[in-house]
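Undergrad: generate a structure from the sequence data that follows.
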Amino acid sequence: MLEPGALNGARRVLKGRRCSNAPPLPDWRAPFYLLEAQGFEVWLVNARDVKHLPGRPKTDRLDAVWLCKVAERQMLRPSFVPPPAIRRLRDLTRYRADLVGVRTAEKNRVEKLLDSDHHAFLLATMLERVDAVSTDIATLEAHIEAAIAPFAPAADRLDEITGVGRTAAHVIIAEIGTDMGRFPTPAHLASWARYAPGVKQSAGKTKGNSATGHGNPYLARVLGEAAVAAGRTNTFLGERYRRIARRRGTKRAIVAVGRSILIIVWHLLSDPTARFHDLGPGYYDTRSNAERQLEALGYKVTLQPAA
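TA: Below you'll find the predicted structure:
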């Protein structure tokens with residue numbers, strides 16, 4: 001049972017940002033973690049999923065009852081909230097990314113200062129700041145290595161993917177976890193990460209620019225960096241990046257290869273025995289257009305020599 005003052009304490013830490021004349025938006029994390037620690041099965045639901053449902057009452061009490069009934073009828077789906085171990089790892093990897101950004105900004109200031117006639121005091125201060133941040137990053141990396149230990153086999157398999165290094169593998173696990181049961185198919189994971197282009201058609205005409213939308217910025221950053229790194233290699237992903245970049249531009253190539261990497265990640269995390277195997281840069285040359293069209297329709301094509 002929850003203590004009477006427990007939820008009151010959680011209510012006091014609720015904070016939000018005021019947008020226009022709207023009331024402050026609550027922070028869901030404090031009550032979510034509090035109820036989770038008490039052994040409750042807690043759902044975090046996107047309010048957008050119930051906006052289109054009719055019959056919603058206007059009072060808070062009746063609204064809570066209505067939401068429970070909607071959940072009982074399986075008309076709601078919980079949002080992805082990683083388990084505590086993954087959340088702790090996520091806090092570390094995200095803070096490391098923020099510190100790397102701070103260090104990069106200081107290095108850029110140093111380069112600009114070297115181009116101008118300025119005081120040596122500023123240069124010394126900036127260099128001390130860079131060294132201090134580098135020390136903090138090294139300390140964080142030690143804690144990350146300890147937090148990633150339970151997931152080391154998964155990180156080793158992700159490290160084998162072209163363009164994905166050890167640091168990127170840690171970030172990917174911290175952002176999506178290792179349990180792919182929350183994502184039934186690779187397409188579900190790509191859609192959640194906003195790596196699936198939206199399709200808008202009306203009267204047979206396609207509208208918009210097929211933008212993917214804004215997803216997890218930390219995951220998008222590491223997938224983009226991995227895609228660019230893969231584009232410099234003589235591998236299947238490298239050739240895919242170059243083929244798309246020639247036709248559609250580098251930005252679309254980064255998104256497409258990032259999505260390919262995410263799909264590979266799903267397969268590796270779904271099957272602990274799976275290992276990454278590079279198809280090679282000549283893979284596209286060995287496949288006909290008919291094969292690609294059949295595979296796009298969901299068929300598995302196997303070529304056999306004629307009798």
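Undergrad: quick one, strands of the stretch 151-300 of the chain?
TA: Ranges of strands in the stretch 151-300 of the chain, per DSSP state E, counting those that start in this stretch, are 200-202, 205-207.
Undergrad: show the average pLDDT along the last one.
TA: So the one you mean is strand 205-207. Regarding strand 205-207, the rounded mean pLDDT is 63.
Undergrad: backbone phi and psi for Ile161, please?
TA: phi -70, psi 140 (degrees, to the nearest 10).
Undergrad: tally of neighbours for it?
TA: Other residues near Ile161 come to 22 when the count uses other C-beta atoms under 10 Å. Using the backbone N, CA and C atoms, a C-beta is placed for each residue, glycine as well.
Undergrad: spatially nearest residue to it (excluding sequence neighbours)?
TA: Phe276 (5.1 Å; C-beta to C-beta, 6 or more residues apart in numbering).
Undergrad: was I right about that neighbour contacting Asp159?
TA: No - with contact defined as C-beta atoms under 8 Å, Phe276 does not reach Asp159; the gap is 9.0 Å.
Undergrad: the bottom helix or strand of the protein by mean pLDDT?
TA: helix 4-12 (a mean of 41; mean pLDDT, DSSP states H and E).
Undergrad: restricting to C-alpha, output whichever helix or strand comes after that one in PDB.
TA: Downstream of helix 4-12, the next assigned helix or strand under DSSP states H and E is helix 29-37. Provided in PDB are the C-alpha atoms of helix 29-37 (Å, rounded to 0.1, in the frame of the first residue of the first chain):
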ATOM      1  CA  ARG A  29       8.300  10.500 -14.400                       C
ATOM      2  CA  ALA A  30       8.000  11.000 -10.700                       C
ATOM      3  CA  PRO A  31       4.600   9.300 -10.200                       C
ATOM      4  CA  PHE A  32       5.400   6.700 -12.800                       C
ATOM      5  CA  TYR A  33       8.600   5.600 -11.000                       C
ATOM      6  CA  LEU A  34       6.900   5.900  -7.600                       C
ATOM      7  CA  LEU A  35       4.100   3.500  -8.600                       C
ATOM      8  CA  GLU A  36       6.500   1.200 -10.400                       C
ATOM      9  CA  ALA A  37       8.600   0.900  -7.300                       C
END
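Undergrad: show me what contacts the residue lying closest to Asp49 once chain neighbours are set aside?
TA: For Asp49, ignoring the flanking residues on the chain, the nearest one in space by C-beta to C-beta, 6+ apart is Leu76 at 5.9 Å. Counting by C-beta atoms under 8 Å, 6 or more residues apart in numbering, Leu76 touches 43, 45, 49-50, 67, 70.
Undergrad: check those and tell me the two furthest apart.
TA: Trp43 and Val50 (12.2 Å; C-beta to C-beta).
Undergrad: quick one, strands of the stretch 1-150 of the chain?
TA: Going by DSSP E, counting those that start in this stretch, the stretch 1-150 of the chain shows no strands.
Undergrad: where in it is pLDDT low?
TA: 1-26, 115, 117-118 (pLDDT under 70).
Undergrad: and Pro54, how far is that from Glu111?
TA: 59 Å (C-beta to C-beta, to the nearest Å).
Undergrad: out of those two, which sits in the busier spot?
TA: Between Pro54 and Glu111, Glu111 has the larger neighbour count (other C-beta under 10 Å), namely 9 against 4.
Undergrad: for the more buried one, give its distance to Ala253.
TA: Glu111 sits 29 Å away from Ala253, going by C-beta to C-beta.
Undergrad: same question for Asp156.
TA: From Asp156 to Ala253 the distance is 28 Å (C-beta to C-beta).
Undergrad: domain-wise, how is this protein divided?
TA: 27-79, 84-170 (automatic domain parsing).
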